[in-house]
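this one's structure only:
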């Protein structure tokens, strides 16, 4: 945390998020907590269905109608995030989201110009400043001739162009927290480096939450949080988690990467309770099935496991 910060830029503590289904309640996220300082990057990693997107939606106040956070606390600069219309005013301003698919995020019936102007309205600037500012934001994200983009509709943009426009929209904010969901899909190493350089230049003081399957992206973050089955299993500095993982699930995730030979995860075993990775863990024993996960610590590394 920066020396001048009294409170973290952002903190998240979720006791439980559950979905109401025809067959009863299903827990989607449980016992997840973390905090972020200004300018800090944290990667959230885990398989599809591990709870990464649900975590992001709970912050944004966009949980599906049948899903609710039963208990927990989400704070920005030491104050609880509001709900309803008050939270809606924060989205796109202090609370910014960069989606995985920019084309689906943009409003199809509004031009790039109109969507940029809508975002600029939140800054309480005179409308006469909008044309120059809109062009400036597009130049920031690599459009050398913004006048050729401003009056296009989303369907007239390529996927890469649409993604850059969503970043330009985010640049119209006063972001304190930026959430990016799989933001580098389809980019090579040079493209990933350029993306993070762009984020840091546009949002130097924003806390950044990066949702990703890509370990090379996670390695560019300050810290990593590992999710499995909606549970937090390990967290520490990215260099520590990615080079010396402690939980068997994190080890399996890293082993499944292309650079590590794409080793398959262990075969699924039936009858799961206790640790969410029990059914696929080659190191599991009876304690993993019958015992609550306990918090373990070694220096700054924290992980949750049924046995040491």
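Yep, that arrived. Since the model is a prediction, treat every value here as computed from it, not as a measurement.

C-alpha only now, for contacts and for neighbours.
Noted.

list the buried residues of the lengthiest helix in the chain.
Taking DSSP state H as the criterion, the chain has its longest helix at helix 189-202. Across helix 189-202, burial judged by 16 or more other C-alpha atoms under 10 Å covers 192, 195-196, 198-200, 202.

tell me which helix or strand comes right after that helix.
Reading on from helix 189-202 to the C-terminus, the next helix or strand found by DSSP states H and E is strand 207-212.

and the angle from that following strand to helix 189-202?
Here the directions of strand 207-212 and helix 189-202 differ by 160 degrees (axes from the mean of the first three to the mean of the last three C-alpha atoms, to 10 degrees).

list the contacts of strand 207-212.
9-10, 36-46, 52-53, 176-183, 218 (C-alpha atoms under 8 Å, 6 or more residues apart in numbering).

give me the subset of these lying in helices.
The helices, defined by DSSP H, take in 52-53, 218 from the contacts of strand 207-212.

including distance to residue 206 and pLDDT, could the residues you listed go into JSON lines?
As requested, these are exported to JSON lines (distance: C-alpha to C-alpha, whole Å; pLDDT from 0 to 100):
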{"residue": "52", "distance to residue 206": "20", "pLDDT": "91"}
{"residue": "53", "distance to residue 206": "20", "pLDDT": "89"}
{"residue": "218", "distance to residue 206": "17", "pLDDT": "93"}
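
just those now: which is nearest residue 169?
Distance ranking of these against residue 169, using C-alpha to C-alpha, places residue 53 first at 20.9 Å.

can you pull the contacts of the closest one?
Contact partners of residue 53, counting by C-alpha under 8 Å, 6+ apart, are 181, 211.

against residue 227, how distant is it?
Using C-alpha to C-alpha, to the nearest Å, residue 53 is found at 11 Å from residue 227.

for residue 169, give me phi and psi.
Here is the backbone geometry of residue 169 (degrees, to the nearest 10): phi -60, psi -40.

and what about the nearest residue to residue 102 once chain neighbours are set aside, helix, strand or coil?
With C-alpha to C-alpha, 6 or more residues apart in numbering as the criterion, residue 102 has its nearest non-adjacent residue at 4.4 Å, and that residue is residue 163. Under DSSP: H, G, I helix; E, B strand; the rest coil, residue 163 falls in the helix class.
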